[in-house]
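Q: Attaching a predicted model along with its sequence, questions to come.
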Amino acid sequence: LAPALSPDGAWLAVLAPRPFFGMNLELVSMASGRVVRTLAGPAREPHADALSFLYAAGAWSPDSRRFAHVISRRGDHELAIVDTRSGARVRRARVDGVQSISGVAWAPDGRTLAVAGTSHGQPDLWLVDLDTRTQRRLTNDAYAELLPAWSPDGRMLAIATDQHDGTDLATLDFGPLRVALLDPASGRVRPAPGLDALDAAFPGVRTSNPQWSPDGRTLFVVADGGGVSDVYAVRLETGVITPVTQLASGVYGITERSPALSVAAQAGTMVATVFDGRSYRTIALEGTSPVLALDEGAGVLPPHDAASPSAVDARLVAPADGLPGPFEGAPTTRRYRAQWGVEGVQTPGAGIAGGPFGATLGGGAGIAFGDLLGRQRLTTSVFAQGRIEDIGVQAVYQDMRSRWNWFATIGRTPIRGVTGQQAVQTRRLAGGAAHRDQPGGGRRAVSLLASAPPRARRRRRARAA
């Protein structure tokens, strides 16, 4: 998944699932096709929660020695840079104000990263200078700018965006992603040459995952013209479009916005991800001619236009129905305050039992409380077995508002075990905290309750009478 070729074409960084260890970032030799080392993963990143693999493929430095990828840490995304020769992490960087990162591209100058991220729900682009540790917001609009790719001369960024005539912000009707060119100096976005012809041949076509040829004259894109995603080569000077693949299963990532194509910036080697059988597979592509022919035995899909429109089609035709009218001004925000409520109620139970101590009536119940985000929880329970001193209660408070999760327990548990004329009662106070592990601590107080069997009580009453 998410292939990324080194500029010299010698190495391939891919995300691969591993049993019991989640997703690992593996370094593969293009010469042998074998995994050389693991660059990142849950076992190698003790301070990272997981690798981000749905939308981010990572980026190579121009010298093919370092690799930048996206990790999830403390609920937000960060950039981690590893030395591909040793596998050691050399740097970790956070983009201020960005909670989610969906793509990263390393500029030819070796010092600038183009980062596609989301700030408070709005997807935009940022430029991060690794030398000065500064950042600049490149776009700030309601459109999506995804999957950035630097031109070989570093003067242009190819992106996938919904900023075109097919998008209507007034009705929140967003068109399909299309590849466009963005000038980092001015921030101006313009359509990529030649793709209008592809849209004319296949109305509503989606184009994404742009990659540059080493000479900067050709742009490779993934387009779903004809209903199947394939790789196309677009000559920027003439606008001529040439299909590179014609696959029965198509070129796909996990989602339509996942990276599935990579071109070596210097060598021009090309790889793509296809779904073969029951798993994803990375294949090497050669030149601009189809490498795999369309399987004539593939099943035929139903027609796109149904005989009669459905209720879903009616909603798609009128997306503004049921939506509030456009509002003016910026939306108001306020700080979140926890509001507690009942999360669950344990089914109350009651019963009666008999024994050497006589008949006993008992029962119990419990209620769980929590806030809306599930970051705080209070679980209470009470149980009784006949007498006041036999009532037991327990309350457990859990706090999960930060990376450190802690809990506290207080309760009273009566234990009646007769030895002569004495019974035992326990009270317990406990607490603990956790950071990946689950240590705990507490204190237990044990006291003696004076008690006597029912027969002894009856004898004393008889003597007194």
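A: That came in fine, so what should we check first?
Q: What number of residues are in the vicinity of E256?
A: Neighbour count for E256, taken as other CB atoms under 10 Å: 16. For glycine as for every other residue, the C-beta is placed from the backbone atoms N, C-alpha and C.
Q: separation between it and T207?
A: 11 Å (CB to CB, to the nearest Å).
Q: Common neighbours of these two, please.
A: L177 (CB atoms under 8 Å, 6 or more residues apart in numbering).
Q: Which neighbours in the sheet does the helix or strand hosting V14 have, and how are they oriented?
A: Element membership of V14 [criterion: DSSP states H and E] is strand 11-18. Looking at strand 11-18 with DSSP bridges, its partner strands are strand 4-5 (antiparallel), strand 22-29 (antiparallel).
Q: Not counting its own residues, what contacts it?
A: Here strand 11-18 makes contact (CB under 8 Å, 6+ apart) with 1-6, 23-30, 35-36, 39, 41, 51, 53, 57-58, 60, 64, 67, 69, 84, 262, 271, 282.
Q: And these, which of them are buried?
A: 1-6, 23-28, 30, 39, 41, 51, 53, 57-58, 60, 64, 67, 69, 84, 262, 271, 282 (16 or more other CB atoms under 10 Å).
Q: Of these, which belong to strands?
A: 4-5, 23-28, 39, 51, 60, 67, 69, 262, 271, 282 (DSSP state E).
Q: from those residues, which has minimum pLDDT?
A: The member of those with the lowest pLDDT is L51, at 58.
Q: Look up the closest residue to L372, ignoring the ones flanking it.
A: Using CB to CB, 6 or more residues apart in numbering and skipping residues adjacent in sequence, the residue nearest L372 is Q339, 6.0 Å away.
Q: On the three-state scheme, the one you found is what?
A: At Q339 the chain is in coil, as set by DSSP: H, G, I helix; E, B strand; the rest coil.
Q: per-residue confidence at it?
A: Value listed for Q339 in the pLDDT field: 86.
Q: Give me the phi and psi angles of it.
A: Backbone torsions for Q339, taken as degrees, to the nearest 10, come to phi -120, psi 120.
Q: my guess is it meets F369, correct?
A: No: using CB atoms under 8 Å as the test, Q339 is too far from F369 to be in contact (10.8 Å).
Q: of the two, who's got more company?
A: Of the pair Q339 and F369, F369 is the one with more neighbours under other CB under 10 Å, namely 15 against 8.
Q: For that one, which residues are in contact?
A: For F369, the contact set (CB under 8 Å, 6+ apart) comprises 340-343, 377-380.
Q: hmm, 7 Å instead?
A: Listed by CB atoms under 7 Å, 6 or more residues apart in numbering, the contact partners of F369 are 340-343, 378.
Q: List the residues that contact the residue lying closest to it once chain neighbours are set aside.
A: The spatial neighbour of F369 that comes closest, neighbours along the chain excluded (CB to CB, 6+ apart), is L378 at 4.5 Å. Neighbouring residues of L378 by CB under 7 Å, 6+ apart: 369, 395, 397.
Q: repeat that with 10 Å
A: 340, 343, 367-371, 395-398, 408 (CB atoms under 10 Å, 6 or more residues apart in numbering).
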